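Chemist: give me a 3D structure for the following:
(2 chains, ligands or ions: 3)
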Amino acid sequence: MDNSKRRFLKGCGGVIAGMSVYTVTQPPQANTAEQVSELKYAMVHDENLCIGCNACEDACRKVNNVPDGVTRVNIERSGPFGEYPNQSYRFSRHSCQHCEAAPCVKVCPTGAAYIDEETGIVAVNEDRCVGCQYCIAACPYQIRFINPETRVADKCDFCQQTQLSEGLLPACVLACPTNALVFGNLKDPASALVKTLKSKPTYRDKVDLGTRPKLFHVRTIDGEIVL
Amino acid sequence: MSAFHFDGLVWHWPIAIYLFLAGLSAGAVFFAIMLKHFKLADKAYLSPFVQAAAVIAPIAVCAGLGILVIDLTKPLAFWKILVFYNTSSVMSMGVLVLLVYQVMLFAWLGSVFSTPIQQWLKQRLPLLSKLLAQLARHEDVITGVLVILSLSLGAYTGFLLSALIGFPLLNNPVLPLLFLISGLSSGAAATLLGGVLMRGNPNGVEVRFIHRIEIPMILVEIALLFTFFAGLILSGGQSQVAAMKAIGEGFWGWIFWAGVVGVGLTLPLAFNLWMKVSSDRKFAYVAVTASFSLIGVLLLRNFILYTGQMTAV
Ligand code: SF4
Ligand code: SF4
Ligand code: SF4
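Modeler: Ligands and ions are numbered 1, 2, ... in the order given. Modelled structure (predicted):
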């Protein structure tokens, strides 16, 4: 009995030792996407310039073959604020925030949800996705969906597969009639993106979750103050 | 907004069943090991309760995995989960635990039931019989590892949900503990129910042993549930909204108070206490108490899964 107890404990000890080695060898979470690259894409949506025309969503749908019933980008309308005839609406872009510490990437069991180290874009490797939907549940911005045609997780990837690969700006940016969308390289101080970020106060959604999103918004100054 | 369909709902009831079955398997194994270690020793394989656990545990875990695979949008690609791993993903690590757990489970079953299996094997497959003898010699190590794996599996069912940072009710440090304990008690209930159905003595040493653990376990479960919701309410903000929406109103409020708290915890506790003082256990008593516990745990899994996804930060 004594001998068997000792071996029982040995077995337990082995497992615990194995687990502690595993924890030590795991790369620290903060290092994700912190690789040295000259490129880090981000986007600003200026809510003061946006007129809610939905041209961005339509362009995205066409360029990225997004089926009806789902969408990669959505302009959320709130309001109206104020009295007729001085009524106004507010528009806020709802799409992937390309989080630096992306919860979707963290939970994906197969590594299908990944951060492209070259560009900082959060994307989906369609071949690896099994459709467990863990990423969809984990994304605090609730913008991921299962593409009904490919049966895999889908979302905005800044047109990584389409426009960017041809050296063009994302479809939504090109389609916007008021230049409310600015896309560019965060690491380039001369880019229109950085200039916008430095000249206008911006906010990001749910930063307290530690996701470090790269979609910036310029807040609407129109209309009434809402608590 | 209906109880089973609402905006933001990603995971449906198959996931709740999967979590239920995985926890149940882990609990049944845990109690079978405890029965053998503390009460039955070498005669364990003769006990209908250990036999019941030996049937239930592998079936439950395989059925759970089957449901998980069918629920994928690409079920035929499920092998990719087994080939590609992501150390930061709870699901990926859970699959790893599940695989090792299944291997160790069968190894343990082989060594516990080695006497009857050997009788059958000896004449027919001498090579396999030698292998089994080797295995049986390491039973203590296998048992130790399997205890840890079963506890990990039970806790994993909670960590899987508590990793979802966008939902305050799920992203809760008490959840893995709550799921671990309720998983263990569902395993105990399944073992008891299976055991008496297989003509085990409802007043036998096994039933008394499990019942003695069950009373404190139900009390711990009640304390954990209380901490869970008190913690959410005291956190304020969306956590409070999530808690009130879950237990304060509507369909899921009923499920919680009548199903989880009433049928799942209070009645089994009362029956257990009654059986303890009367020290007379009959088939119907044991079976009904165990069924109530099982129903309660199944409802708890569904309740947490659905109400958890109702309120985002
Ligand atoms: S917004 Fe959602 S999908 Fe996009 S990177 Fe962040 S967590 Fe992932
Ligand atoms: S649905 Fe696909 S991308 Fe999302 S977590 Fe599962 S495997 Fe990864
Ligand atoms: S295209 Fe531009 S103006 Fe139109 S909805 Fe999109 S961001 Fe707003």
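Chemist: ok, what's across the strand from residue A:78?
Modeler: Here residue A:78 sits in beta bridges with residue A:90, as judged by DSSP bridges.
Chemist: that one against residue A:90, yeah?
Modeler: Yes - if you go by C-beta atoms under 8 Å, residue A:78 and residue A:90 touch, sitting 4.8 Å apart. In this view, the C-beta of every residue, glycine as well, is placed from N, C-alpha and C.
Chemist: neighbour count winner among these two?
Modeler: residue A:90 (19 against 12; other C-beta atoms under 10 Å in any protein chain shown).
Chemist: and for the residue in chain A that chain B sits nearest to, the neighbour number?
Modeler: At 2.8 Å from chain B, residue A:131 is the closest residue in chain A, using C-beta to the nearest C-beta. Using other C-beta under 10 Å, residue A:131 has 20 neighbouring residues.
Chemist: what about chain A, any weak spots by pLDDT?
Modeler: Applying pLDDT under 70 to chain A picks out residues A:1-35, A:223.
Chemist: which parts of it are helices?
Modeler: Using DSSP state H, the helices found in chain A span residues A:2-25, A:55-63, A:103-107, A:134-138, A:171-175, A:192-199.
Chemist: same deal with the stretch 101-250 of chain B?
Modeler: With helices called from DSSP state H, counting those that start in this stretch, the stretch 101-250 of chain B shows them at B:114-124, B:126-137, B:139-162, B:175-197, B:205-235, B:237-247, B:250-254.
Chemist: right, is the third one up against chain A?
Modeler: Yes - counting by C-beta under 8 Å from any C-beta of the partner chain, chain A is contacted by helix B:139-162 at B:140-145, B:147-149.
Chemist: mind listing what's buried along stretch B:258-268?
Modeler: Using 16 or more other C-beta atoms under 10 Å in any protein chain shown as the burial criterion, the residues of stretch B:258-268 that qualify are B:259-261, B:263-265, B:267-268.
Chemist: just stretch B:82-92 next, same as before
Modeler: B:84, B:86, B:88-92.
Chemist: run through who's touching it.
Modeler: A:22, A:26, A:29, A:106-111, A:128, A:132, A:134, B:81, B:93, B:95-96, B:99, B:156, B:159-160, B:163 (C-beta atoms under 8 Å, 6 or more residues apart in numbering or on different chains).
Chemist: out of these, which touch ligand 2?
Modeler: Subset of the contacts of stretch B:82-92 in contact with ligand 2: A:108, A:110, A:132, A:134, counting by C-beta under 6 Å from any ligand atom.
Chemist: taking those residues together, which two end up most distant?
Modeler: Pairwise distances across these peak at 9.8 Å for A:110 and A:134 (criterion: C-beta to C-beta).
Chemist: the two: who's more crowded?
Modeler: A side-by-side neighbour count of residue A:110 and residue A:134, using other C-beta under 10 Å, places residue A:134 first with 28 against 25.
Chemist: poorly predicted segments of chain B, please.
Modeler: Ranges of chain B meeting pLDDT under 70: B:1.
Chemist: what residues does it put near ligand 1?
Modeler: So chain B never meets ligand 1 (C-beta under 6 Å from any ligand atom).
Chemist: distance of the residue of chain B at minimum distance from ligand 1 from residue B:233?
Modeler: Of all residues in chain B, residue B:166 sits closest to ligand 1, at 8.5 Å by C-beta to the nearest ligand atom. Taking C-beta to C-beta, to the nearest Å as the measure, residue B:166 falls 19 Å from residue B:233.
Chemist: these two: which is more packed in?
Modeler: Ranked by neighbour count (other C-beta under 10 Å), residue B:166 and residue B:233 place residue B:166 first, with 22 against 16.
Chemist: quick one: the nearest residue to the more buried one once chain neighbours are set aside from residue A:107, how far?
Modeler: Leaving aside its sequence neighbours, residue B:166 sits nearest to residue A:140 (C-beta to C-beta, 6 or more residues apart in numbering or on different chains; 3.4 Å). When distance is defined by C-beta to C-beta, residue A:140 is 12 Å away from residue A:107.
Chemist: for residue 200, which non-adjacent residue is spatially closest?
Modeler: Reading this off chain A. Nearest non-adjacent residue to residue A:200 (C-beta to C-beta, 6+ apart): residue A:218, at 4.9 Å.
Chemist: you answered for a different chain; I wanted chain B.
Modeler: residue B:48 (3.5 Å).
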